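In: mind looking at a prediction? Sequence and model below.
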Amino acid sequence: MQDSRYHPEQVEKKWQQIWEERKTFEVTHQDTSRPRYYVLEMFPYPSGRIHMGHVRNYSIGDVVARMKMMQGFNVLHPMGWDAFGLPAENAAIKNNTHPAQWTYQNIGYMRQELKRLGYSYDWSRELATCHPGYYQWEQLFFLKFYEKGLVYRKKAPVNWCPTCVTVLANEQVEDGLCWRCDSSVENRELSQWFLRITDYAEELLQDLDKLTGGWPDRVLSMQKNWIGKSTGMEIDFPVQGLDAKITVFTTRHDTLFGATFMSLAPEHEMVPSLIRDNPGQDRIQQFIARTTAQEHRERTDDDAEKEGIFTGSFCINPATGEKMPIYLANFVLAEYGTGAVMAVPAHDQRDLEFARKYHLPVRVVVRPSDQSSDFHILDQAYSEPGVAINSGQFDHKPTHQVQEEIADYLESLQAGRRAVNYRLRDWNISRQRFWGAPIPVIYCEKCGIVPVPADNLPVLLPQDAEMPSDGRSPLPHMEAFVQIDCPECGGKARRETDTMDTFVESSWYFARFTTPRKPDSPFEPDAVKYWLPVDQYIGGIEHAILHLLYARFFVKALRDLGYWDLDEPFSNLLTQGMVLRDGAKMSKSKGNVVDPDEMIQRFGADTVRLYCLFASPPEKDLEWSDSAIEGSYRFLNRLWRTIHQLSGVLSPVGPCMPMDPGELSSEEKKLRAAEHEAMRRATRDMLDRFQFNTAIAACMELLNTIGQHREHLEKSSNGPRVLSSALSTLLTVLAPITPHISEELWAHMGHSHSLSESRWPDYDPRALVRDEVTVVVQVNGKLRSSISVPVDMDQEELKSLCLEEDKVKKHIEGKKVVKIIVVPGKLVNIVVR
RNA sequence: GCGAGAGUGGCGGAACCGGCAGACGCACUGGAUUUAGGAUCCAGCGGUUUUACCGUGGGGGUUCGAAUCCCCCCUCUCGCACCA
């Protein structure tokens, strides 16, 4: 007898070759015979090797893709590379090479790793964002955005990471630290390119409703928080002695009468004119210098001391006509609202602390509705709603009413207007780095900013760059790149040397996958219309704001440029949990990294995939266990052995082969019921709920049941057919999860067509109907006995049968039966007193 | 502080609409097979003072019946946070 043991490496290689030769996973949008389905996993950065997080992410995606194929969908399932980025530059410096070389080498290696896992990607659509064939379209979008005023250049305080030697977008600063390298971020004044994402703030917020149900609530709320809409008023405060006014944004205009001073961010544009005549200017300048030099993290720290300084100027409260001293305060943020705050110490804790420190007046203008008017403030500000006091004509009215009336009043005086403010800032996309898409702009001495004419795209990143060792971009010093004639006047000009944030690439790659090689335009309208939006997007929670917000914005912006009529890119989002080991994220420094290559070598790709899906449901973190993965390996071995040992009796029937129950023995019926029950559960868990762990448990149970009945059924009259159908069902359910071994055993059973081209069967509810059911008998809700009865037994008959039970009798003896509850087919509860 | 989520055996996890808590797997224990180890197969595996009682973070409630619904509290994770 030849070696019939399970050798994953042979089986897997064989089927990967077959799928490739047969182009099993190549699809086209011209297929109108089937409904379409687009499943996408977040594409990886080609860092060198894949890690377990990728394996988990892509295994989940692959099950979804293969499942949908078996359900008759035309499934687009592409893969590519998020290939621009800083690590390539650092590696290039270290190895004295070009970032492109490092990147393409990594892509080559990682592609092989992914292929070894047997994912159902349409590899003919593979793309790398660092390829000019990709980024040229991004440069075109930039030009179109520029025409529309959606991208603009401004000098502004920006986040500077000294380690990465570049600026960062607000979304890329976490807790004052760089998202990539954890360096403390500095504040710098630079001229940068910004995308006007704030134009879409309201739509980005509103459309979250469209995603409810399809996206996790957690992500929706994070996006909502980030956009940070608040509704209130802008109020103008005339400055005494200057023909100018300070505008504040407030949500509590009902407390306007209690505004006793003004707080400005030290960066506020009016500061120079406010302090011009102040003899103590030097001290103020020192304060400004000290505050603005502070690291972002330090200044916004919770426990940071509230500090300020008087400018010497006053403004007028438009409601009371009173003079309000103007202070600079370190806690007022230049980037939020207008950078100026009307301080209402009685009703805002920060203002109160500030007022106490600098001996400023505190005036109570709201009292709790259940307190008398001699309500006082000591060291706790009262920030709840209540009743207005000390507020002139608005007194004795509830605050919500006062809000409306003061808004009307100020608007009629033209001293203020209702306003909406967002926390979301425009997206700074300039990066002072080399390995990114060049921003297609030219600076002419005469004409100023001149966009590169679309015909001259792409602006290619030079192939011959030598990377300076200090991490700075070589571009500004590459005269061949920089020097150019102005396309408008022909005079001397210089190219922009900043490149785009790499999050720009990932904001539209899902659309390019629909026609990745199209040479003359970014998208083919028919293909985009057919495939988009992505039906199921899968990736890590770490992109809950960054990537997912940018991509949503891009879809809306490109819609308004006429590329499509799409509002949202991803209809459904699954955020998978992290892969942990010893309760911690895998990292080289902790030495708890599990190498996917090594696992594949030891157990095969199918086992690795199976374990990743079995160990926990997709959204939850997965604790890696070296011994638990052996359990998955054992299961596949048992499956392999079972089918090989039964070779003689198996035939290519099923899955869920229709059979006449009348012809089956009770044991045959039992296995058949187990088969259909497994199909029912697996279909529900996989298709509806993405709970692959319980679907796999159902498969294991089915194999266990087959094992119990196997010996007997091998010899019974219909046994072989029942066994064959059950095993076919098992392989069908496992096909999306462990495709190689499933195909191999499927072929071994004699099936002629390939399993990846088979259809997902429906279970037969009639197969689940049993003659007898086990009914649990409770007394006062406590389990006392269980009996087996015919499924169609009359309720009254069932009740009396339960009362006859010995174990039941013991518990109702000497008591009065008050009532009996019957849950048909399941349970009887006898209530006694 | 605000928002979201979670607490079930030694461990990962299950339990669909309120109806047998702990499916499935890991670890562990005993047995079979084996020169031995490994592999495989069979049996056991929440706790206890075991005819029974207790048990899903704690306390209360609704119900014939609660891991599941309601109220209060505790703990943990994540996100946001001097946001005017």
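Out: Nice, thanks for sending it over. Numbers count the residues shown, from 1 in each chain, chains lettered A, B, ... in the order given.

In: show me which residues of the stretch 651-800 of chain A sit near RNA strand B.
Out: When proximity is defined as Cβ under 7 Å from any atom of the strand, the stretch 651-800 of chain A approaches RNA strand B at A:684, A:691, A:693-694, A:696-697, A:700-701, A:704, A:707-708, A:774, A:776, A:778, A:780-783, A:786. (C-beta placed from N, C-alpha, C; glycine too.)

In: I figured A:Ser758 hits A:Pro736, correct?
Out: No. Judged on Cβ atoms under 8 Å, A:Ser758 makes no contact with A:Pro736 at a distance of 11.0 Å.

In: of these two, which one has the most company?
Out: A:Pro736 (27 against 19; other Cβ atoms under 10 Å).

In: wasn't the more buried one part of a strand?
Out: No. Judged by DSSP: H, G, I helix; E, B strand; the rest coil, A:Pro736 forms no part of a strand; its state is coil.

In: I'd say it and A:Arg66 touch.
Out: Yes. The pair A:Pro736 / A:Arg66 is scored as a contact, 3.6 Å apart, by Cβ under 8 Å.

In: contacts only, for A:Trp612.
Out: Careful, residue A:612 is Cys; it's not Trp. With contact set as Cβ atoms under 8 Å, 6 or more residues apart in numbering, A:Cys612 has these partners: A:52, A:55-56, A:59-60, A:579, A:622.

In: any idea how far it is from A:His54?
Out: 10 Å (Cβ to Cβ, to the nearest Å).

In: then A:Glu804?
Out: Distance from A:Glu804 to A:His54, by Cβ to Cβ: 62 Å.

In: swap in A:Arg299?
Out: According to Cβ to Cβ, A:Arg299 and A:His54 sit 38 Å apart.

In: ok, those two, which is more surrounded?
Out: Shown here are A:Arg299 and A:His54; by other Cβ under 10 Å, A:His54 has more neighbours (22 against 17).

In: name the nearest residue to that one, ignoring sequence neighbours.
Out: A:Pro44 (5.7 Å; Cβ to Cβ, 6 or more residues apart in numbering).

In: the one you found and A:Glu305: what is the separation?
Out: Counting by Cβ to Cβ, the gap from A:Pro44 to A:Glu305 is 45 Å.

In: so the nearest residue to A:Pro99 once chain neighbours are set aside, which state does it fall into?
Out: For A:Pro99, ignoring the flanking residues on the chain, the nearest one in space by Cβ to Cβ, 6+ apart is A:Ala88 at 3.8 Å. At A:Ala88 the chain is in helix, as set by three-state DSSP.

In: circling back to that earlier point, for the residue nearest to A:His54, what are its contacts?
Out: A:50, A:54, A:81-82, A:110.

In: A:Thr103 versus that one, what's the distance?
Out: Using Cβ to Cβ, we find A:Pro44 at a distance of 12 Å from A:Thr103.

In: which neighbours do these two share?
Out: Contacts common to A:Pro44 and A:Thr103, judged by Cβ under 8 Å, 6+ apart, are A:Trp81.

In: where along the stretch 601-750 of chain A do the helices fall?
Out: Taking DSSP state H, counting those that start in this stretch, the helices of the stretch 601-750 of chain A run over residues A:605-614, A:628-645, A:666-683, A:692-713, A:719-734, A:739-748.

In: now render these as JSON lines, adding distance to A:Glu267.
Out: Shown next, in JSON lines, are the helices of the stretch 601-750 of chain A (distance: least, Cβ to Cβ, whole Å):
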{"stretch": "helix A:605-614", "distance to A:Glu267": "49"}
{"stretch": "helix A:628-645", "distance to A:Glu267": "55"}
{"stretch": "helix A:666-683", "distance to A:Glu267": "60"}
{"stretch": "helix A:692-713", "distance to A:Glu267": "52"}
{"stretch": "helix A:719-734", "distance to A:Glu267": "61"}
{"stretch": "helix A:739-748", "distance to A:Glu267": "58"}
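
In: I'd like the ones you listed as TSV, with mean pLDDT appended.
Out: Listed next are those as TSV, based on pLDDT from 0 to 100:
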stretch	mean pLDDT
helix A:605-614	96
helix A:628-645	93
helix A:666-683	90
helix A:692-713	92
helix A:719-734	94
helix A:739-748	96
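
In: comparing these, which comes out most buried?
Out: helix A:605-614 (a mean of 26; mean count of other Cβ atoms under 10 Å).

In: so how far is it from its chain's centroid?
Out: 23 Å (Cα atoms, centre = their mean, to the nearest Å).

In: let me see the contact set for the residue of the stretch 401-550 of chain A found nearest RNA strand B.
Out: RNA strand B sits closest to A:Arg423 of the stretch 401-550 of chain A, with a gap of 3.9 Å, by Cβ to the nearest atom of the strand. Counting by Cβ under 8 Å, 6+ apart, A:Arg423 touches A:226-230, A:336.

In: ok, now A:Arg283?
Out: A:Ile309.

In: surely it is in a helix?
Out: Yes. The assignment for A:Arg283 by three-state DSSP puts it in a helix.

In: if anything else comes up later, I'll come back, but that's it for now.
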